[in-house]
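S.K.: Sequence unavailable; structure follows:
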């Protein structure tokens, strides 16, 4: 059944291990292509999806948001159940919602939250090998948290952007960053209005150097002020990075998944591992 075109928003969860990132690329496996193929099968017409955050190869998401336009008339749960029947086991829709025609998954977003998950272990993990950043040296999470606070506020983050970043400006507003230890795990959770290419992974790389004792906490502020990526340390691996939340203005009504919040899901993973 078809009707007038309308806009649908969907929540997408995926394990990014097999994928060359979100964005569709010729002859490469991507999350966007899989989601478009599945939704197109439900809609019975080609579908183009636009996401809130174009995650890189190997990066995961529990709170990705995307939108698409369709003339097909389906119940909202039909989009979710139907698409999930066509999606591989490492990608799934969590919800679908009707939104206004001017809603844009990327440009309507006012903040995004990423979580970086680190496991300290003398031996390499097997079950979590593609889902955490593995380090052998102990990390001082309080020192990492102290260092990270220099990044809060509006700054030029040139020192934490990749050489391939195409953003016209390196200025971003970082709302909050928190570093916490949970047994053998350390999490870095960061919220900003937007992120530069590799920005979170570069921040994580700098904080890893502080946590290992290779750099003092004040070094992160020095790197930020220097605006030179060459002085910013390593880029942390993609495996530990998760897009966990996208925030929109209050007038945008998207599903409240109380018991399935991304932070709770990752906290459950940590709790299960440490028991």
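M.R.: That came through fine. Computed from a predicted model, the values in this text were never measured in an experiment.
S.K.: Report pLDDT for the closest residue to residue 58 other than its chain neighbours.
M.R.: Excluding the flanking residues, the one nearest residue 58 by Cβ to Cβ, 6 or more residues apart in numbering is residue 238, at 3.4 Å. (Glycine included, C-beta is placed from N, CA and C.) If you check residue 238, the pLDDT there is 96.
S.K.: ok, now which ones touch residue 238?
M.R.: 16, 56-59, 201 (Cβ atoms under 8 Å, 6 or more residues apart in numbering).
S.K.: same question, residue 52
M.R.: Neighbour list for residue 52: 64-66, 105-106, 109, 112, 243, 246 [criterion: Cβ under 8 Å, 6+ apart].
S.K.: Residue 199 contacts residue 171, correct?
M.R.: No: using Cβ atoms under 8 Å, residue 199 is not in contact with residue 171; the gap is 11.8 Å.
S.K.: Domain map for the chain?
M.R.: Annotated domains of the chain cover 2-108, 111-243 [automatic domain parsing].
S.K.: Can you verify residue 58 is assigned to a helix?
M.R.: No: assessed with DSSP: H, G, I helix; E, B strand; the rest coil, residue 58 is coil; it does not lie in a helix.
S.K.: okay but it is in contact with residue 130, surely?
M.R.: Yes: in this structure residue 58 lies within contact range of residue 130 using Cβ under 8 Å: 7.2 Å.
S.K.: Overlap of the contact sets of the two?
M.R.: Both residue 58 and residue 130 are contacted by 17, 239, under the criterion Cβ under 8 Å, 6+ apart.
S.K.: So which of the two has more stuff around it?
M.R.: Shown here are residue 58 and residue 130; by other Cβ atoms under 10 Å, residue 58 has more neighbours (19 against 16).
S.K.: Now for that one: which residues touch it?
M.R.: 16-17, 19, 130, 237-239, 241.
S.K.: Please flag which of the residues you listed sit within strands.
M.R.: Applying DSSP state E to those, the entries found in strands are residue 241.
S.K.: Make TSV from the contacts of residue 58 and add distance to residue 212 to it.
M.R.: Listed next are those as TSV, based on distance: Cβ to Cβ, whole Å:
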residue	distance to residue 212
16	26
17	26
19	30
130	22
237	15
238	20
239	18
241	19
